[in-house]
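# Generate a structure from the sequence data that follows.
(one chain, ligands or ions: 1)
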Amino acid sequence: MKILLLGANGQIGFELMRAMSVLGEVVPVTRDGFLQGGASCREVDLASDTALGMLLDSTQPSLIVNAAAYTAVDRAEDEPELARRVNGDAVGALGAWAATHGVPVVHFSTDYVFDGNHGRPWREDDATAPLGAYGSSKWLGEQALLQSGAQHLILRTAWIYAARGRNFLLSILRAAHGEGSIRVVDDQYGSPTPARVVADATTAIVARIASRGHFREDVPWGTYHLTTAGQTTWHGFASALLREALRARLIARMPDIQAISSSAWQARARRPGYSVLDCSRIQDAFALRLPSWQDGLASVISEIVSCRAHA
Ligand SMILES: NC(=O)c1ccc[n+]([C@@H]2O[C@H](COP(=O)([O-])OP(=O)(O)OC[C@H]3O[C@@H](n4cnc5c(N)ncnc54)[C@H](OP(=O)(O)O)[C@@H]3O)[C@@H](O)[C@H]2O)c1
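Numbering: from 1, shown residues only. Next up is the predicted model:
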């Protein structure tokens, strides 16, 4: 199977490149034509009208995995057009090519398609109502892929972090080395999810639905939620990750962590208050078992420890 992987330098893309190599040939694609280690690869700027079509024509993949996205949630409020081009229009173009060529698409989306006003975990068919430009652009991408007629899996995930990249866990670890207390929001709920959990689950799904580049007739294509199990707040997550980091000697002392409200944080974009996604559908459809967010955290802390030991 030839898998075209867009966004290979992103948090999820990086993990997919590693995980999906067991499935066949992975063709990584980045915005600038270079992988994190410096090796060259195929390139595409999803904001360009023509580059994607040329890339697809010249690659002729048997599966397209789109882990690329405009993910700067606050900046999107000032660049809604660019966010819409990358997260919406480009996904539509991808879908159109895929439908014409009979190639399935795995695409990632977000909890930010919901407004966060809920008393139970969000299900796939709950009403969407994005609060900001990023969520709206991702919702447009979902719709565009749906309407393209391409066979697709839209995997909505949330609160992604990893041992590398730009993410909440690494920001908190950096802050813990400074003086002063760390202020963290305690009125947003979600399921912190390692990029590796998403990549491993995605790989297991593709392994289940395809064999030697051919997809089964009865694949339950559609939209699914994919996060770890359980829930916490950003403050709860920060406290847990710092406790783990202290135990693993990544930090020397437990810093003071101050709980604040979202309104006190004053981010440019509004975030959903309740982001927990109900993942029972994906687990039932593909016989998956997703780890708890605490187990996910322990594995990422171990990975950071082992990276530092080998650095
Ligand atoms: N991070 C989260 O908490 C979260 C939560 C829910 C859903 N998701 C979804 O999960 C997917 C992957 O997220 P992630 O956290 O792995 O994101 P990420 O680390 O920000 O990676 C996104 C990748 O997309 C690339 N990209 C951005 N604009 C591009 C463009 N115009 N052309 C080509 N490539 C472009 C970036 O390239 P550069 O390296 O050149 O910038 C980056 O490597 C996205 O669909 C995102 O919406 C993420």
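# measure the closest residue to residue 267 other than its chain neighbours to residue 268 for me?
Once flanking residues are discounted, residue 267 sits nearest to residue 74: 5.8 Å by Cβ to Cβ, 6 or more residues apart in numbering. Just so you know, the C-beta spots here come from the backbone N, C-alpha and C atoms, and that holds for glycine as well. As judged by Cβ to Cβ, to the nearest Å, residue 74 and residue 268 stand 4 Å apart.
# And the helices in the protein?
Shown for the chain, the helices assigned by DSSP state H span residues 11-19, 51-59, 80-84, 90-101, 133-148, 168-176, 195-209, 234-247, 262-265, 280-286, 293-310.
# Can you pull out the low-pLDDT segments for the stretch 151-300 of the chain?
Nowhere does the stretch 151-300 of the chain drop to pLDDT under 70.
# The ligand contacts on that one?
Remark: the part of the stretch 151-300 of the chain in contact with the ligand comprises 157-160, 165, 195, using Cβ under 6 Å from any ligand atom.
# sorry, back to before: include mean neighbour count when you put the helices of the chain into JSON lines, please.
Below are the helices of the chain laid out as JSON lines (neighbours: other Cβ atoms under 10 Å):
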{"stretch": "helix 11-19", "mean neighbour count": "24"}
{"stretch": "helix 51-59", "mean neighbour count": "15"}
{"stretch": "helix 80-84", "mean neighbour count": "19"}
{"stretch": "helix 90-101", "mean neighbour count": "21"}
{"stretch": "helix 133-148", "mean neighbour count": "22"}
{"stretch": "helix 168-176", "mean neighbour count": "17"}
{"stretch": "helix 195-209", "mean neighbour count": "21"}
{"stretch": "helix 234-247", "mean neighbour count": "20"}
{"stretch": "helix 262-265", "mean neighbour count": "12"}
{"stretch": "helix 280-286", "mean neighbour count": "17"}
{"stretch": "helix 293-310", "mean neighbour count": "16"}
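# what's the farthest-apart pair in the residues of the stretch 151-300 of the chain next to the ligand?
Spatial extent of these (Cβ to Cβ) is set by the pair 158 and 165 at 15.6 Å.
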